[in-house]
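I'll drop the sequence and a predicted model, then ask my questions.
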Amino acid sequence: MAADSQGKQEETSMKVAVVTDSNSGITQAQAKEMGVYVLPMPFMIDGTEYLEDINLTQKEFYEHLSGDHDVSTSQPSPETILNLWEKLLEEYDAVVHIPMSSGLSSSCQTAKMLADDFDGKVQVADNHRISVTQRRSVQDALDMAAAGMDAEAICKKLEDTGLDSTIYVTVDTLKYLKKGGRITPAAAALGTMLRLKPVLQIHGEKLDAFAKVRTMNAAKRTMIDAIRSDLENRFAGQPMRLDVAHTNNKEAALEFVKELEAEFPGYQVQRVDELSLSVACHIGDGCLAVACSRVVEV
């Protein structure tokens, strides 16, 4: 009898919730469709706190930014994070939390410290990403959870593959790099006079200068060449995804998709997204970006 009942027992897999923040570019509406949970990132605008996609739309954000208001990024409060985790653990066995890269914000370290009190039920993955590549990590986590992987294994896979991605961004104006202290006022003035278009790289821990060119067409060519080098060298032989992103510049982004697909006939650009507002805060609007991310095999 005991053997019979044992034979009828069904093996149940861990029910894992996937949490991220709005630095991933995932809206609250998209989160519901995907089945994930998104913490809205706070922004301070002229001393008042706003929450991304709650009481601050992208349109309003860019209006504040272009209007020379004092706009800065912040991070979710520990109380907000804890409340969400505790609520989810009433329904789920474990939580995988995917914040923006620890090299770009202290929010990841804060989450790791908070998770210490949850006896392994909350796994915080520092997979060194932001915006469109962070969004890819969220989808990878969902796929791994659906395949029956537990939270600890998902977290380890995300951290092991986190650096297998890059974003290249061309900046339309030097105004916001100067405002954020990333370039000096003198360099910004000279660059503006010379009509320079910096190309930046977001890879892992940093937002770094990659190249300086004179026109948007040259900037796009630089980004295409950089992606080609990544695909043929750093990620040679690995399955990759290409995505395009922008800051308040969708028409140009859609045109860039056509150029990329002509350059890389074996690839289809799968998403065209807004760069997260935390990135836009430092580079302004009118930007174009292309990202490559390795496909995580589940």
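Structure received.

Ramachandran angles for the spatially closest residue to Ala226 that is not a sequence neighbour?
Distances taken as CB to CB, 6 or more residues apart in numbering put Tyr168 closest to Ala226, at 5.2 Å, once the chain neighbours are dropped. All C-beta atoms are positioned from the backbone trio N, CA, C, and that covers glycine. Phi and psi for Tyr168, reported as degrees, to the nearest 10, are phi -110, psi 130.

which residues does Tyr168 contact?
Going by CB atoms under 8 Å, 6 or more residues apart in numbering, Tyr168 touches 199-202, 210, 222-223, 226-227, 289-291.

Confirm for me that Asn249 is in contact with Leu288.
Yes. Taking contacts as CB atoms under 8 Å, Asn249 lies within contact range of Leu288: 6.3 Å.

quick one, which of the two is more surrounded?
Leu288 (25 against 18; other CB atoms under 10 Å).

did I read that right, that one in a helix?
No. With DSSP: H, G, I helix; E, B strand; the rest coil as the criterion, Leu288 is located in strand rather than a helix.

which is the next helix or strand following the helix or strand containing Val95?
Assigned by DSSP states H and E, Val95 falls within strand 94-98. The C-terminal neighbour of strand 94-98 among helices and strands, as given by DSSP H and E, is helix 107-115.

ok and that following helix relative to strand 94-98, angle-wise?
160 degrees (axes from the mean of the first three to the mean of the last three CA atoms, to 10 degrees).

I'd like the average pLDDT over helix 107-115.
What helix 107-115 shows for mean pLDDT is 95.

How about that helix, which residues are buried there?
Of all the residues in helix 107-115, those buried under the rule 16 or more other CB atoms under 10 Å are 107-108, 110-112, 114-115.

Need those residues in CSV (columns: distance to Gln270).
Below are the buried residues of helix 107-115 laid out as CSV (distance: CB to CB, whole Å):
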residue, distance to Gln270
Ser107, 27
Cys108, 26
Thr110, 32
Ala111, 28
Lys112, 31
Leu114, 33
Ala115, 31
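
ok, so of the residues you listed, who is nearest Arg129?
Set against Arg129, the nearest of the buried residues of helix 107-115 by CB to CB is Cys108 (10.5 Å).

how near is the closest residue to the closest one other than its chain neighbours to Phe61?
Spatial nearest neighbour of Cys108, chain neighbours left out: Ser102 (3.9 Å); criterion: CB to CB, 6+ apart. From Ser102 across to Phe61, the span is 24 Å (CB to CB, to the nearest Å).

Please identify which of the two sits among more neighbours.
Phe61 (23 against 19).

wouldn't the more buried one be in contact with Leu51 here?
No. With contact defined as CB under 8 Å, Phe61 does not reach Leu51; the gap is 11.3 Å.

what is in contact with the two at once?
Phe43.

can you pull out the helices in the stretch 101-250 of the chain?
For the stretch 101-250 of the chain, helices defined by DSSP state H, counting those that start in this stretch occupy the ranges 107-115, 131-146, 151-161, 175-179, 185-193, 216-229, 250-263.
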